[in-house]
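1. Got a predicted structure here, sequence first:
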Amino acid sequence: MEAVPAFLLKTSTPKGRIFAVFTCMMVCLAALCFLQFKLSKPKNKDFYSFQVLNSKGKLVSLEKYRGKASLVVNVASNCEHTEDNYRALQDLQRELGPMHFNVLAFPCNQFGKSEPGSNSHIDSFSKNSYGVSFPIFGKIKVLGNESDPAFRYLIDTTNMEPRWNFWKYLVNPKGQVIKVWRTEDPLPAIKQVVSELVANIILRKRDEF
């Protein structure tokens, strides 16, 4: 009579069967936990898939800007760069927006404490001082654990974190960052790149018709 392998005899015992069932259950449980984790992860695949607070504290979707170019900027009211940047940004908005382009401003007080005011104060200051017509959202943090998720997306996908006010992230119509500028980068050069992107968007839309 042919001998039965020892490991088969082992697993055929009640203890062996219980162990096998227990192992199977643990594997299935681990698979279910992994699947739940994957399904519960945020589905923000691009900048426009996020929601942010506007200056009045209302949650709004950035989806409304999809299909356009966006220049996302961390702004401040009491910075040495405030005047030059606000004037240049408003010039861009006036010349290129809002059908195909928008400046999207996010006030932040993390650099030199240069944005200490409330949302309503920031809103009034920008409009009264510079005639700003582009959207200014609620004040956020762009650095650290409490950073705004939408702005964190810009940083994580470019590996470029703002070191001062008025960093600029150019987002294409699909919600992907295609260019980043530091505070000190010349504004005329920024305008040229943005204008070229907007011109391409207009041409593409004409071709679609």
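-> Looks like it came in fine.

2. tell me the centre residue of this structure?
-> Centroid-nearest residue in the chain: residue 150, 2.9 Å away (criterion: C-alpha atoms, centre = their mean).

3. give the contact list for that residue.
-> 47, 50, 51, 52, 62 (C-beta atoms under 8 Å, 6 or more residues apart in numbering). C-beta coordinates here come from the backbone N, C-alpha and C atoms, glycine included.

4. Would you tell me what helix or strand residue 191 is located in?
-> Take DSSP states H and E as the rule and residue 191 turns out to sit in helix 187-208.

5. for that helix, what is the average pLDDT?
-> In this model, helix 187-208 has a mean pLDDT of 94.

6. again, but for stretch 155-175
-> 98.

7. Pull up the distance across it, start to finish.
-> Using C-alpha to C-alpha, to the nearest Å, the end-to-end distance of stretch 155-175 comes out at 13 Å.

8. Residue 147 touches residue 141, doesn't it?
-> Yes: counting by C-beta atoms under 8 Å, residue 147 does reach residue 141; the two are 5.1 Å apart.

9. rewinding a little: nearest to residue 69 among the contacts of residue 150?
-> Using C-beta to C-beta, residue 47 is the member of the contacts of residue 150 that sits closest to residue 69, with 11.4 Å.

10. Which residue, other than its chain neighbours, is closest to the closest one?
-> residue 175 (4.3 Å; C-beta to C-beta, 6 or more residues apart in numbering).

11. secondary structure class for the one you found?
-> Counting by DSSP: H, G, I helix; E, B strand; the rest coil, the backbone at residue 175 sits in coil.

12. just to revisit the earlier point, tell me which two in the contacts of residue 150 are the farthest apart.
-> Using C-beta to C-beta, the two most remote members of the contacts of residue 150 are 47 and 51, lying 11.4 Å apart.

13. tell me, what's touching the two both at once?
-> 62, 150.

14. who has more neighbours, the two?
-> Using other C-beta atoms under 10 Å, the more surrounded residue of residue 47 and residue 51 is residue 47, with 24 against 12.

15. what about the helices in this structure?
-> 6-11, 14-40, 82-96, 119-130, 149-158, 187-208 (DSSP state H).

16. Quickly list the domain ranges of this structure.
-> For the chain, the structural domains run 6-40, 47-208, going by automatic domain parsing.

17. Mind checking the pLDDT average for the shortest one?
-> Which is domain 6-40. 59.

18. and the domains of the chain, which is most packed in?
-> Of these, the one with the most neighbours on average (mean count of other C-beta atoms under 10 Å) is domain 47-208, at a mean of 17.
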